Structure formats: C-alpha cells, structure tokens
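Engineer: Pasted the sequence and its predicted model underneath.
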Amino acid sequence: MKFTAGKLAAASLLALACACAGTQVSGKSQTEGAGAAAEAKEIQNMAIPNVQELKAQTARYAAVPLKADISGLSAGDRAALKPILRAAQAVDRLFYRQMWDGNEALAERLNAAANDDAGRARRDAFVVNRGPWSELDGYTAFMEGVPARKPKGAAYYPEDASPKELTAFFDSLSESEREKARGFYSVIRRSSSGQLTVVPYSEAYRDILTEAAGHLREAAALADDPGLKKFLAMRADAFLSDDYRPSEVAWMELNGDVDPTMGPYETYLDEAMGLKAAFEAYVGIRDHQESRRLSAITAHLLEIESALPMPDAFKRKELGGLAPIAVLNQIFNAGDAGHGVQAAAYNLPNDEVVVAARGSKRVMMKNVQQAKFEAILLPIADRVLEADDRALVDFDAFFLHILAHELSHGLGPQVIQKDGRETSVRQELGETYSAIEEAKADLMGLFMVQRFIDGGEKLGLSDMFPASLEARLYATYLASSFRTLRFGIEEAHARSMAMQVAAFMEDGAVSVTPAGTFSVDAARMKASVTKLLGRLLVIQATGDRDAARAILERMAVLTPDLKRALDSLEGIAVDIRPVFVTAEEILGSTQP
Ligand SMILES: [Zn+2]
C-alpha cells in the first residue's frame, strides 16, 4: 500500500486553520513546479488500490456530524433553508459534471453496483472525491477504466486541446471576446468542424442552473431577512445571465442568521489554465455568540498594536479597514467545497473588480474547526502531550486563537520605510515572507489573547477571557503545533511552527519528558512568545531578509524528540468527512 500523502496533502492540511491572505484559504491546493514533476512520475508507478487499501484511503477522512442550532431563526428564514439546500444539491451535481465528462454516467454505474463491500468502497471513495481520483494521492485513479489521473483542465476544455492550442485560440480573439473566453464563467468546446468556441456557463449548464435558480427564487420568496432575499434573487439571475458582480456585492452585505455562499468561485480544479470557476455551495448559520466576542476583540485592536513588543517608531497610529469576518456554523456544503480536504474558512469573492471596489469577506466555520479539533487535534494531544497538559486542551481556546491569528495579520508592520523609500514587508522579505508572517500571526494571536486575559476585568471582558483561559491557551497551542508540524517543514506554516517550537524549547517554555511527551510552562511561555514576537516584528519593520533567512535556517529544524513524537501520530485521521445532520433533518436525506 502506498500513499503519496506528501506535498499535496500537507499543503491542504496546513491551511485548515488559517484563512490568511496569500495562503490557500479553501483548503484545496495545487501542485507546483518540481513537486508536480515528481508526482507525475509517481503516478505512472501507482497501482490501483485493492478494496482494503481503498477503504483505508477513504478512512483518512473521519466521518463527523456537522450541525447548527436553527431554533432561533424566524419562520420564513427557516422555511427558506429547504429550497436553499435543494439548490446546493443541484450545484453538487453540476460540479461532478465540471470535474469530468464521464462523471455523471460513472456515478450511476457506481450507485447501481454499490451492493457489496467492494462496490460500496468504490462509491464512497467516488463521493468523497467527487470523481474517480484520490485527491490526497495527487488525484490518481482508484479504479480501472478511467484516466490514470484527473484531466488537468477538468471538463472545462476539449480533452484533446493543449494549453498551447488554447492560448493561440485566446490570442486570435478580439479583446471583448477574449475576456469572455478567458473569464471565470465559460467553457471552451470544439464544434463539429473542429473549431474552438466559447460557451457561457448559463448555456453549457442550462438544465441544472435553471433548476438551481428556481430553488433560489422559491427561497427568496420565503425568506424574512431582506439581505438574504436580495442575495438569493440576484444570485438566481446571475445563474442565468453569467453576470455575478451585483450578487457578489449582495453576498458581502449578508448579515442575518442564514448565510449561504453559492456559485462558481475557485479555479483550483482548472490545473491546465487556472481560469475557470468551479461551482460550490456552503450553507451556514451565523454564530452570534462568536460574532460578539469577535467585535469585542476588534474594538481594542489599536491598543494591542500600541502594546506590541517593538520600538514605538514602528507602530501604526491608526489601523486601516479590516476585512469583515463572519463566524458561521456550516450545515451543508456541496460541489467544489465538498470534495476531499474540507475548508474551515474561506475568503471571497475572487472577482478582482469586486474586491478592488468592496474588499472581500472572510468566513470562518466554527463547527468545522470543532470537528477537526475533535477528530484530529485531540488524538494528537493524547499521544504527544504530558497528561496534565492534555487535560487542558480545549476547543474554546483553540478557536479563540484562530480568530486572534486572523486579526493579527492586520496588525504590525506592513508598509515600511527602507533606505529612504516606501516599500512593503512582503516585498522586502521575499521568499521568507510567508513563514515569518505566519509565525508573527501565531505569536501575536497568543500575545493578544493574553492581553485580554490580563486586562479582562478592566475591560469588562473577564467572562470572555477568564484567568483560567491562560493555561488552556498554551497547552492547546502546543497540541496544535504538532498538527502543523506533522507534514514536514518545507511549507511556510510548518517552517514557521518549527521555528516557534525551537524557540519555546530554548527558553524552557516547552520541555520534553523522559517518556517523550511534551509539556508547557505557561509563565515561561508568555515571556518566550513576547521575545520571539519582538524579534520577528523588528525583522518585518526593517525589511531585513537576511535576518529572516538566518533565524529560519537556525531554528526551523525538527529535533530528534520532535521527529519521534511526529512518528507516533501515524494512523490519526488526516481530515474530516462531514455528515450533515441539520440538513438531513430539513431535507429528509442529503442524497440528491
Ligand atoms: Zn495566517
């Protein structure tokens, strides 16, 4: 049995807690450069898994229930959920079609054959991956009779059209035609005479989009929340006109209990050209308690900035507008959002024109984080943490740190002065930027939560940030650091984490017992976090790439103790496979 759970899986997994700008928010990843070449070689040698191996592949996704409390919804908003979910199911069918031309026929065959162990294993793997290729294994086929690997251009282009032919075709078009041909919302087809032609989504997928638009209109008529009504009706129009911009703006403004995301968004499935958007849907219910905590923190961000451990000259006197963050609980996902590694957060829209005019919205799905926490983080803590520390690991601290991490990306140096010119941290730090910025956000997140714990009483926030949170915060962070380190240290998040753990150990904040388990000392941890954060902030403020390289080179290494701990994590789930409990209650069954 051979799993290539290397680069691809790693990059996906590391993104699961982070919705950071410049990183893969959706949890999907693409292969690049040398990685892709190595992978292509491996695919040729990759055997089709037998039934047991296939079951083991699928078992890397732990099945977990996802639900949300909908009892507080108004009658109309609750009634709107059913047609919204029906539209999402239509989107799911549409995604199968986008993935591969043969998918719809294959789905029927696999469903009909799912009456024994082998048949069910193939059907389950097909549903998890939304196609006959295993995403965690570089999209290699897990059954006979299909291409050995997912077609790079999915079903967006004729199977026989090379990127070169496509590029020549695009170049041959007038400017306005080219814009449509290269746009998110069209496919390229070959006519009977062999000519390439551009077909808009509304035409190419007319049957399913007409059905989905009908469900959305029904939902719009039922909903009470005016913002929701508006988005649903406008999105129904967009499905049939391919003009998504007005409804993207309506989506940004959603602010009620029901928060659906539905449409063609990400382009990762188009590995050939990176142009075409895959249909997906998330149906979320807003978490009001978490939204309140978020606004409490947001109200004090400037105070955090002024307290950062760096010279005052580097501190910002005012903060720019922060991207809105919505905290939701997911009750359903579909299509591009549904296959393989599950996103716990996303940033949308992707349309640059809308982003330039209106910014983007960050959505964090709390119950997805919780499911991952329970299926992955707790088992990791069981194996690598000292018993007393293990007892302190909790979801509340975990999620709070994720929120603080996200907010921290908006603090600290960004536009800086170097050699008398204005430049940016990203520009100056180059290839070291991501690792340094992620470590900064991690450490500043800890620093920020600690400030709220220390000042909670004065701020009237001690119910949200009790003193007991401190020990939980650091023990939980230590457990989650192993989750990040699990996939090697080539990737930015993992390098950044290896550097942090090395610093904590150097300062005696984290220590290893003779049994090989790890333990954290909260008082020393506080000091160690502040010290390393201060060093990184100065590196950023001065745009000192040499110093960034030096600290990463010296500290981003796995010690034998860490390696041994990581080896002990074998067999723990890689990701989750949601069971949509609330959606099933509403629909009767989530099978389309
Ligand atoms: Zn981040």
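Structural biologist: Thanks, I have the structure now. Numbering: from 1, shown residues only.
Engineer: how many neighbours does the closest residue to the ion within the stretch 351-500 of the chain have?
Structural biologist: Going by C-beta to the ion, the ion is nearest to residue 441 of the stretch 351-500 of the chain, at 4.4 Å. Just so you know, the C-beta spots here come from the backbone N, C-alpha and C atoms, and that holds for glycine as well. Number of residues near residue 441 (other C-beta atoms under 10 Å) recorded here: 23.
Engineer: Show the pLDDT at it.
Structural biologist: Listed pLDDT for residue 441 reads 94.
Engineer: for it, helix, strand, or coil?
Structural biologist: helix (DSSP: H, G, I helix; E, B strand; the rest coil).
Engineer: Identify the residue nearest it in space, chain neighbours excluded?
Structural biologist: Nearest residue to residue 441, sequence neighbours excluded (C-beta to C-beta, 6 or more residues apart in numbering): residue 408, at 4.3 Å.
Engineer: For that neighbour, give me its contacts.
Structural biologist: 440, 441, 442, 444, 445, 448 (C-beta atoms under 8 Å, 6 or more residues apart in numbering).
Engineer: List the buried residues of the host helix or strand of the fifth one.
Structural biologist: Spelled out, it's residue 445. Using DSSP states H and E, residue 445 sits within helix 433-459. Within helix 433-459, the residues scored as buried using 16 or more other C-beta atoms under 10 Å are 433-453, 456, 459.
Engineer: what does stretch 112-123 give?
Structural biologist: 114, 119, 121, 122, 123.
Engineer: isn't the second one right up against residue 113?
Structural biologist: Yes: the pair residue 119 / residue 113 is scored as a contact, 4.3 Å apart, by C-beta atoms under 8 Å.
Engineer: Convert stretch 585-592 to PDB, retaining C-alpha atoms only.
Structural biologist: Extracted C-alpha coordinates of stretch 585-592, given in PDB (Å, rounded to 0.1, in the frame of the first residue of the first chain):
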ATOM      1  CA  GLU A 585     -33.400  16.900   9.300                       C
ATOM      2  CA  ILE A 586     -34.600  19.600   6.900                       C
ATOM      3  CA  LEU A 587     -34.500  17.600   3.700                       C
ATOM      4  CA  GLY A 588     -35.200  14.000   4.900                       C
ATOM      5  CA  SER A 589     -32.000  12.900   3.200                       C
ATOM      6  CA  THR A 590     -29.000  14.700   1.800                       C
ATOM      7  CA  GLN A 591     -28.700  12.300  -1.100                       C
ATOM      8  CA  PRO A 592     -29.700  14.300  -4.200                       C
END
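Engineer: pLDDT averaged over that stretch - what is it?
Structural biologist: 83.
Engineer: what comes up buried for that stretch?
Structural biologist: 586, 587, 590.
Engineer: what's near enough to touch the residue nearest to residue 557 when sequence neighbours are not counted?
Structural biologist: The shortest distance from residue 557 to any non-neighbouring residue, by C-beta to C-beta, 6+ apart, is to residue 498 (6.3 Å). By C-beta under 8 Å, 6+ apart, the contact list for residue 498 reads 485, 489, 555, 556, 557, 558, 562.
Engineer: how about residue 578, secondary structure?
Structural biologist: Per three-state DSSP, residue 578 ends up strand.
Engineer: so it bridges to which residues?
Structural biologist: Here residue 578 sits in beta bridges with residue 64, going by DSSP bridges.
Engineer: Including distance to residue 214, could the contacts of residue 408 go into JSON lines?
Structural biologist: Putting those into JSON lines (distance: C-beta to C-beta, whole Å) gives the following:
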{"residue": "440", "distance to residue 214": "48"}
{"residue": "441", "distance to residue 214": "43"}
{"residue": "442", "distance to residue 214": "46"}
{"residue": "444", "distance to residue 214": "47"}
{"residue": "445", "distance to residue 214": "44"}
{"residue": "448", "distance to residue 214": "46"}
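Engineer: Give me the neighbour count for residue 290.
Structural biologist: 19.
Engineer: May I see the buried residues of the host helix or strand of it?
Structural biologist: Taking DSSP H and E as the criterion, residue 290 maps to helix 288-298. By neighbour count on 16+ other C-beta under 10 Å, the buried set for helix 288-298 is 290, 293, 294, 297.
Engineer: Same list, those, but only the ones touching the ion.
Structural biologist: When contact is defined as C-beta under 5 Å from the ion, the buried residues of helix 288-298 do not meet the ion at all.
Engineer: Can you lay out those residues as CSV showing distance to residue 158 and pLDDT?
Structural biologist: Shown next, in CSV, are the buried residues of helix 288-298 (distance: C-beta to C-beta, whole Å; pLDDT from 0 to 100):
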residue, distance to residue 158, pLDDT
290, 46, 87
293, 51, 84
294, 47, 87
297, 51, 87
